[in-house]
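[1] sequence first, then the predicted structure, then my questions.
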Amino acid sequence: MALRELSSLEKFLGLKKPNKYSTQGDKKVPVLQSNNGPALVGLVTIACHLVKEAKRPELLGDSAESRAVVQQWLEHRVTKLDGCTKEDVKTVLKDFNLYLQDKVYLAGNQFTLADIFMYYGIHSLIVELAIQEKEQYMNVTRWFDHIQHYPSIRHHLPPVAVLRNRIYTGRHH
Amino acid sequence: MGFGDLRSASGLKVLNDFLSERSYIEGYVPSQADVAVFDAISSPPSADLCHALRWYNHIKSYQSQKNSLPGVKKPLGQYGPAGVADTTSGSAPAAASKEDDDDDMDLFGSDDEDDAEAARLKEERLAEYAAKKAKKPTLIAKSSILLDVKPWDDETDMAKLEECVRSIQMDGLVWGQSKLVPVGYGIKKLQIGCVVEDDKVGTDILEEHITAFEDYVQSMDVAAFNKI
């Protein structure tokens, strides 16, 4: 799962040479073995490394504040989202929904790595959501639909149909 | 389409609902559509319209690249959910919305215009048709008549007689061939054909005219009468 994300990321960034990854431990933490340095362990670490390699620093955030936010969400992805239980899903989505109420992208007004990885991470959850629930987490749905239409982002993941005609109007906000 | 009056609360509410599931007015990237709507809003939406506020702040961050955003700016009435009455024409301030006025007039008034236009066209066409019909010679009834013109005696100058007959000019009368046919005792009668329009020329009139040449013409008969 993580490995596919990393290769998707490589494609998105337009990196010419795909790297070879291996995994470590029973949690399948990705490892990037580079030629002239220590191995990089961890999804977030490798992702940031790839972004810098592709010379797209803006994907990590423009200002110090947005950089912090990006890191926060990347960490959130790894700690909270991956391997969260069914009960946690609701809480996670609720928090996410609240957070996205006044933002178009996770880090404010710009598309960043945080959006990419939260998209990858949350995809499996959204796929399983019923329409009613999708409308309940309106902001998440909106953000999700927005990101999945972003050019060349959605490689290994099937598109999720977000129902545009709202069945339950006026339920939220 | 359209959001209604974006300076009123109801219009902003429509915008808010519209943006609850969309990041941008049109599509998935900021475009001139967003610029158009952004310009129409005078101040940031209030906090209870959270989606509109979110969108507003987001678009505000693109202020510097306003002109380079993709798309073409269309009049305000073209954005937004379908089925909302477009009221920008009523409330418009100043220059930009003057265009909206015209465009919106077109949007909604075009029906009436179309009707008037169509009615006018119809009448025009009717008039044309009527004129055409009137002009068209509705199969003018014509007849080919062969006349026998008899002189007094054999000394009558037949050439002169013919000349007299041919001098009869009438609307719808066209003289045709003529020949002299001997009757007897040296008398020749003039057989002359003509094509007449039935409406305009009748044989009795012809007879009148011809026998008016009393010096030359004794009588006139209709030898043959064929409808053309």
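    Cool, got the structure.
[2] use CA for all of it now, contacts and neighbours both
    Noted.
[3] measure the closest residue to A:V29 other than its chain neighbours to chain B for me?
    In space, and not counting its chain neighbours, A:V29 is closest to A:T23: 5.3 Å by CA to CA, 6 or more residues apart in numbering or on different chains. A:T23 is 36 Å from chain B, where distance means CA to the nearest CA, to the nearest Å.
[4] again, but for A:H76
    Applying CA to the nearest CA, the value for A:H76 to chain B is 23 Å.
[5] can I get the CA coordinates of whichever strand or helix holds that residue in CSV?
    Taking DSSP states H and E as the definition, one finds A:H76 inside helix A:64-76. What follows is helix A:64-76, C-alpha atoms only, in CSV (Å, rounded to 0.1, in the frame of the first residue of the first chain):
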residue,chain,number,x,y,z
ALA,A,64,6.7,28.3,8.0
GLU,A,65,3.2,28.0,9.1
SER,A,66,2.0,26.0,6.1
ARG,A,67,5.1,23.8,6.4
ALA,A,68,4.2,23.0,9.9
VAL,A,69,0.7,22.2,8.9
VAL,A,70,1.8,19.9,6.1
GLN,A,71,4.1,18.1,8.5
GLN,A,72,1.2,17.9,11.0
TRP,A,73,-1.1,16.2,8.5
LEU,A,74,1.6,13.9,7.2
GLU,A,75,2.2,12.8,10.8
HIS,A,76,-1.6,12.5,11.3
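[6] and after that helix, which helix or strand comes next?
    Counting by DSSP H and E, what follows helix A:64-76 is helix A:86-99.
[7] next, the buried residues of that next one.
    Of all the residues in helix A:86-99, those buried under the rule 16 or more other CA atoms under 10 Å in any protein chain shown are A:89, A:93-94, A:97.
[8] nearest to chain B, of the residues you listed?
    A:N97 (11.8 Å; CA to the nearest CA).
[9] quick check, pLDDT for that closest one.
    Looking at A:N97, its pLDDT is 88.
[10] what do you get for B:K13?
    So, for B:K13, pLDDT stands at 87.
[11] mind listing the strands for chain B?
    With DSSP state E as the criterion, chain B has strands at B:142-151, B:173-184, B:187-197, B:217-227.
[12] kindly apply the preceding question to chain A instead.
    Going by DSSP E, chain A shows strands at A:21-24, A:29-32, A:40-41.
[13] can you redo those as a markdown table with mean pLDDT?
    Listed next are the strands of chain A as a markdown table, based on pLDDT from 0 to 100:
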| stretch | mean pLDDT |
| --- | --- |
| strand A:21-24 | 82 |
| strand A:29-32 | 83 |
| strand A:40-41 | 84 |
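[14] tell me which of the strands of chain B lies nearest to A:L40.
    Among the strands of chain B, strand B:142-151 comes nearest to A:L40, with 109.0 Å by CA to CA.
[15] all helices for chain B, in order.
    Remark: helices assigned in chain B by DSSP state H are B:9-19, B:32-40, B:50-60, B:88-91, B:94-104, B:110-135, B:158-167, B:203-211.
[16] out of these, which one sits most buried?
    Each of those was scored by mean neighbour count; the highest is helix B:50-60, a mean of 22, by mean count of other CA atoms under 10 Å in any protein chain shown.
[17] show me what that helix is packed against.
    helix B:9-19, helix B:32-40 (3 or more CA pairs under 8 Å, 6 or more residues apart in numbering or on different chains; DSSP states H and E).
[18] near chain A, which residues of chain B?
    Residues of chain B that fall close to chain A, judged by CA under 8 Å from any CA of the partner chain: B:20-23, B:28, B:50-51, B:53-55, B:58, B:61.
[19] try 10 Å
    B:17, B:19-24, B:27-29, B:47-62 (CA under 10 Å from any CA of the partner chain).
[20] A:S152: which of the strands of chain A is closest?
    Of the strands of chain A, nearest to A:S152 by CA to CA is strand A:21-24, at 21.6 Å.
[21] could you dump the buried residues of helix A:86-99 into TSV with distance to A:Y150 added?
    Listed next are the buried residues of helix A:86-99 as TSV, based on distance: CA to CA, whole Å:
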residue	distance to A:Y150
A:V89	25
A:L93	21
A:K94	24
A:N97	20
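[22] where's the dip in pLDDT among those residues?
    A:V89 (83).
[23] for chain A, where's the lowest mean pLDDT among helices and strands?
    Lowest by mean pLDDT, DSSP states H and E among the helices and strands of chain A is helix A:131-136, with a mean of 78.
[24] any buried residues in that one, and which?
    A:131, A:134-136.
[25] mind listing what A:K80 touches?
    A:K80 sits next to A:73-74, A:88-89, A:92 when contact means CA atoms under 10 Å, 6 or more residues apart in numbering or on different chains.
[26] in the chain, what residue sits furthest out from the centroid?
    Defaulting to chain A. A:N36 (29.1 Å; CA atoms, centre = their mean).
[27] the intended chain is chain B.
    Here chain B reaches farthest from its C-alpha mean at B:Y185, the gap being 68.8 Å by CA atoms, centre = their mean.
[28] let me see the contact set for it.
    With contact set as CA under 10 Å, 6+ apart, B:Y185 has these partners: B:153-154.
[29] let's see it at 8 Å
    Contact analysis of B:Y185 by CA atoms under 8 Å, 6 or more residues apart in numbering or on different chains lists B:D154.
[30] and the gap between A:Y21 and chain B?
    A:Y21 is 33 Å from chain B, by CA to the nearest CA.
[31] now swap in A:H49 and tell me
    27 Å.
[32] quick one on the thing from earlier: out of the helices of chain B, which is closest to B:L173?
    Closest of the helices of chain B to B:L173 is helix B:203-211, at 9.4 Å (criterion: CA to CA).
[33] using PDB, list the CA coordinates for that closest one.
    Provided in PDB are the C-alpha atoms of helix B:203-211 (Å, rounded to 0.1, in the frame of the first residue of the first chain):
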ATOM      1  CA  THR B 203     -64.700  38.700 -79.800                       C
ATOM      2  CA  ASP B 204     -67.500  41.300 -79.800                       C
ATOM      3  CA  ILE B 205     -65.100  44.000 -79.000                       C
ATOM      4  CA  LEU B 206     -62.800  42.900 -81.800                       C
ATOM      5  CA  GLU B 207     -65.700  42.800 -84.100                       C
ATOM      6  CA  GLU B 208     -66.700  46.300 -83.100                       C
ATOM      7  CA  HIS B 209     -63.200  47.600 -83.800                       C
ATOM      8  CA  ILE B 210     -62.800  45.900 -87.100                       C
ATOM      9  CA  THR B 211     -66.100  46.800 -88.500                       C
END
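[34] fine, thanks again, bye for now.
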